[in-house]
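*Asks:* Quick one, structure for this:
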Amino acid sequence: MSIAEAIAPIIRQPVAEQVARQLLDLVQSGSLKPGQKLPPERELSATLEVSRPSLREALRALSLLGVLRIRQGGGVYVSALDPESLLAPLHFFISLNARNAEDLFEARMVIESEVARLAAGKVSPEKLAILKSCVDIESPELVPQEKFLEWDVKFHRTLLETVDNAILQRFVTSLHILARATLENTGKIPGEAERILDDHKRIFNAIEAGDGDAAASAMKLHLTHVRDTFRSQV
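*Replies:* Residues are numbered from 1 along each chain as shown. So this is what the prediction gives:
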């Protein structure tokens, strides 16, 4: 191969993309912190030596990604940079696409069943008591949906805390945020709250018994139920 064939052409990056990348670098380095207000548009464009239209394009792109928050007439701020803020655009994307929702359920089944398996071998008496409080619910059909969703989130969050793995916690928390819309929809269906509670009780019983295989199977069955209910509504 000749040198001419081996050398790839230089690709010029659009100015707006370069601006967005530089602002992202400032966020990642901590020079721009969560909640911090960016300088006014005129000042920022002068500092970066770019046109204001290019700057606006970069700011809009980072806003769509959840990194920045643009307040009409109030300036531009770095977002909280928490998983919920950063995954909001994906949440919207998944809510529009049934195929993506299917992929989300598949990912949860694979990962959360293993979380339940690990939890069965690591659960402490304190965490077991919290899990028990989430399943000892009388007359679930009478519980307001908001309260039931709170218990559901607490149950799954406690399992994650039990595993005590920072990478798994961040990853599964992201999946839960993306799945929130499906839970809010399925939770409104008559009888669904009772079935979710029954599923949680099976998971709890397996974890209490220290049976990792049973806990993993119970979690997979639970998520299969939620997925099937979601399918029936779309």
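*Asks:* can we go C-alpha only for contacts and neighbour counts from here?
*Replies:* OK.
*Asks:* And this protein, split by domain according to the record?
*Replies:* 3-80, 85-233 (automatic domain parsing).
*Asks:* and the ones you listed, which is most packed in?
*Replies:* domain 85-233 (a mean of 17; mean count of other Cα atoms under 10 Å).
*Asks:* That one - what's its average pLDDT?
*Replies:* For domain 85-233, mean pLDDT is 84.
*Asks:* can you pull out the strands in this structure?
*Replies:* Shown for the chain, the strands assigned by DSSP state E span residues 68-71, 75-78.
*Asks:* Can I get the ones you listed in CSV including distance to residue 32 and mean pLDDT?
*Replies:* Shown next, in CSV, are the strands of the chain (distance: least, Cα to Cα, whole Å; pLDDT from 0 to 100):
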stretch, distance to residue 32, mean pLDDT
strand 68-71, 11, 87
strand 75-78, 7, 91
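*Asks:* right, so of the ones you listed, which gets closest to residue 195?
*Replies:* The closest of the strands of the chain to residue 195 is strand 68-71. By Cα to Cα, the value is 39.1 Å.
*Asks:* what lines up beside the closest one in the sheet?
*Replies:* Listed by DSSP bridges, the sheet partners of strand 68-71 and their directions read strand 75-78 (antiparallel).
*Asks:* How far away from the center of its chain is the partner strand?
*Replies:* 23 Å (Cα atoms, centre = their mean, to the nearest Å).
*Asks:* List of residues touching it?
*Replies:* With contact meaning Cα atoms under 8 Å, 6 or more residues apart in numbering, strand 75-78 is reached by 32-38, 40, 67-71.
*Asks:* Could you export it as CSV, CA atoms only?
*Replies:* The C-alpha trace of strand 75-78 is given here as CSV (Å, rounded to 0.1, in the frame of the first residue of the first chain):
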residue,chain,number,x,y,z
GLY,A,75,-29.5,32.2,30.8
VAL,A,76,-27.9,28.8,30.4
TYR,A,77,-27.0,26.5,33.3
VAL,A,78,-25.2,23.2,33.7
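*Asks:* and the closest residue to residue 41 other than its chain neighbours, how far is that from residue 77?
*Replies:* Nearest residue to residue 41 in three dimensions, chain neighbours excluded: residue 52, at 7.0 Å (Cα to Cα, 6 or more residues apart in numbering). Per Cα to Cα, to the nearest Å, residue 52 is found 17 Å from residue 77.
*Asks:* Name the single longest helix found in the protein.
*Replies:* helix 98-122 (DSSP state H).
*Asks:* which helices and strands does it pack with?
*Replies:* Contacts defined by 3 or more Cα pairs under 8 Å, 6 or more residues apart in numbering; DSSP states H and E place helix 98-122 against helix 83-96, helix 145-163, helix 166-186, helix 192-208, helix 212-233.
*Asks:* and of those, who's closest to residue 104?
*Replies:* Of these, nearest to residue 104 by Cα to Cα is helix 166-186, at 7.2 Å.
*Asks:* wait, residue 52 sits on residue 43?
*Replies:* No - counting by Cα atoms under 8 Å, residue 52 stays clear of residue 43, with 9.8 Å between them.
*Asks:* Grab the most central residue of this structure for me.
*Replies:* residue 174 (2.2 Å; Cα atoms, centre = their mean).
*Asks:* Against residue 168, how distant is it?
*Replies:* Taken as Cα to Cα, the span from residue 174 to residue 168 is 10 Å.
*Asks:* ok, now residue 48?
*Replies:* 38 Å.
*Asks:* cool, residue 213 as well?
*Replies:* Applying Cα to Cα to residue 213 and residue 168 gives a distance of 19 Å.
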